[in-house]
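> Got a predicted structure here, sequence first:
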Amino acid sequence: MSSALDLLRQRWGTLAPREQWLSMLVGAALLGMLYLMLVAEPLAQRIAQQDSQRQLAEARRLEASNALLELQARLAADPNRPYLDALDAAKIGRERILHSIDEGTSSLISPARMKALLQDLLRRQPRLQMVGLQSFSAPLELPAAPSDTASAAASPTVGFYRHGVRLTLQGGYFDLLDYLQTVQNSGWRLHWDSLDYHIEEAGPDKARITLELHTLSRDAGWVGV
């Protein structure tokens, strides 16, 4: 080992000063390259990796913090708010439907007044006698609109009722026409269901006449007789 060092010293001593400076510069450059390859670059990679991990951890911390704040806000709010909003919307929709129905049926006679109107108009036809009067009331079945189950369950339903009377009269054909014309000109709207005109042994002036009429209402109940 000492001989090798001595040989290097001798070799170094034979070099000119300019060559010695060049050798020192080359050695320093080699040391710098070795430092970069063995120390600086791995250290920079570790620093960059640690910085990336730190940023990822900070992002996860912020995400967890935001999730916690959102959860706290939900807990602080009314948990039933969406359901209450849906219920309010359904109520508003139902009231809108009822208002539209009331406007469309305003000219229909009320069930309570229908019987009195028919009897009052019948008194103006002395040759037409009332033999019987029956009343009936039943829910009105409306055709269902095509829709899916969810929307059908959420849509507000409005009940409608069909209130009617069945009049049995006795009289002549022209007396019946006068009575029907009087009912039609009363200003009230009635729905005509059926008319049965039957001549019996007493003759055409004593024919048996059965009339069936009805009106519509949102209220359930029977027409008084």
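Okay, I see it.

> Double-check that Ala220 belongs to a helix.
No: counting by DSSP: H, G, I helix; E, B strand; the rest coil, one finds Ala220 to be coil, located in no helix.

> Look up the closest residue to it, ignoring the ones flanking it.
Tyr161 (5.2 Å; CB to CB, 6 or more residues apart in numbering). Where you see a C-beta, it was placed from the backbone N, CA and C, and this is true even at glycine.

> Bridged to the one you found, which residues?
For Tyr161, the beta-bridge partners are Pro139, Ser217 (DSSP bridges).

> from what I can see it touches Thr215, true?
No: in this structure, Tyr161 is not within contact of Thr215 by CB atoms under 8 Å, at 9.5 Å.

> Looking at these two, which one has more neighbours?
Thr215 (21 against 18; other CB atoms under 10 Å).

> Under a three-state scheme, what state does that one occupy?
Assignment for Thr215 (three-state DSSP): strand.

> tell me the contacts of it?
Leu108, Ile109, Ser110, Pro111, Met114, Arg162, His163, Gly164, Arg189, Leu190, His191 (CB atoms under 8 Å, 6 or more residues apart in numbering).

> Nearest to Ser3 among the residues you listed?
For the contacts of Thr215, the closest approach to Ser3 (CB to CB) belongs to Arg162, at 127.9 Å.

> contacting residues for the closest one?
Ser137, Ala138, Pro139, Leu140, His214, Thr215, Leu216.

> could you check the distance from the fourth one over to Ser110?
So that's Leu140. 16 Å (CB to CB, to the nearest Å).

> worst-scoring helix or strand of the protein, pLDDT-wise?
helix 149-154 (a mean of 44; mean pLDDT, DSSP states H and E).

> which parts of the longest helix along the chain are buried?
When the chain is parsed with DSSP state H, its longest helix is helix 41-76. Within helix 41-76, no residue counts as buried by 16 or more other CB atoms under 10 Å.

> cool, and stretch 204-211?
Ala207, Ile209, Thr210, Leu211.

> which non-adjacent residue is nearest the first one?
The shortest distance from Ala207 to any residue that is not its chain neighbour, by CB to CB, 6+ apart, is 4.8 Å, and that residue is Ile199.

> if I look at Phe15, how far off is Ser23?
Careful, residue 15 is Leu and not Phe. In terms of CB to CB, Leu15 sits 7 Å off from Ser23.
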